[in-house]
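Undergrad: next one to model:
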Amino acid sequence: MSSERPVELRAKVTIEPVENIPDLKVIKPKVFPDNRGFFSETYNKTEWASELNFKEEFKQDNHSFSKYGVLRGLHTQPEMGKLVSVVSGEIFDVAVDVRKGSPTFGQWHGVVLNDVNKHAFWIPPGFLHGFQCLSPQGAHVTYKCTAVYDPKTEYGVNPFDRDINVEWPLKDGLIVSDRDSNHPDLNQISF
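TA: A predicted model of the protein is given here:
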């Protein structure tokens, strides 16, 4: 997915590159509502491959639930890409570029994903990922992964690293695991 302008796939989904880090993509599926509810196609391997040259293969799907104020991350497995979406609730989803030699190394981008906008966020390999739950009822988050989880290759960066300076929307009442809050800052990691 190397295009730097929005691409519409047969009116089912629009894929928009993030302006400051174009390898990140916001996926906006078309929603077809009717008196029963709605339908939307969120991923189509054949169309994405033929129309976007998207060659990634998803190998694992994950589903998490987070309470209001939970902050997860920042984590990465360098070879894992993720397609993140929200089934219910709302999150502020963040990706940080940690690709060696990248002109946007250390830069971050955040998007609001929720069950109303139904957007998804494509985070390619080489990015840290984290999110903060913004909805009082909590949030169910799903992500399609291009690699199987391997704790030996995973590492994390402190979500409050001042050099990265993610602007998390919630400042008070946060729930952060000891593991995440004890991760080193990015400048303490050798690549």
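Undergrad: ok, residue 111 touching residue 122?
TA: No: Residue 111 is beyond contact range of residue 122, at 10.5 Å (criterion: Cβ atoms under 8 Å). (Each C-beta comes from the backbone N, C-alpha and C, glycine too.)
Undergrad: now the common contact residues for those two.
TA: residue 26 (Cβ atoms under 8 Å, 6 or more residues apart in numbering).
Undergrad: who has more neighbours, those two?
TA: residue 122 (23 against 18; other Cβ atoms under 10 Å).
Undergrad: surely the more buried one meets residue 22?
TA: No: Residue 122 is beyond contact range of residue 22, at 11.2 Å (criterion: Cβ under 8 Å).
Undergrad: contact partners for the closest residue in space to residue 156 that isn't next to it in sequence?
TA: Among residues not flanking residue 156 along the chain, residue 183 sits closest, at 3.9 Å (Cβ to Cβ, 6 or more residues apart in numbering). With contact set as Cβ under 8 Å, 6+ apart, residue 183 has these partners: 74, 155, 156, 157, 158, 159.
Undergrad: most remote residue from the middle of this protein, which is it?
TA: When distances to the mean C-alpha position of the chain are computed (Cα atoms, centre = their mean), the maximum falls on residue 35, with 31.4 Å.
Undergrad: now for residue 187, how many residues are close by?
TA: Residue 187, neighbours per other Cβ under 10 Å, totals 12.
Undergrad: and it, that one's in a helix?
TA: Yes: using DSSP: H, G, I helix; E, B strand; the rest coil, the assignment for residue 187 is a helix.
Undergrad: I figured it hits residue 163, correct?
TA: Yes: Residue 187 lies in contact with residue 163 (Cβ under 8 Å); the separation is 6.0 Å.
Undergrad: isn't residue 49 right up against residue 55?
TA: Yes: counting by Cβ under 8 Å, residue 49 touches residue 55, with 6.6 Å between them.
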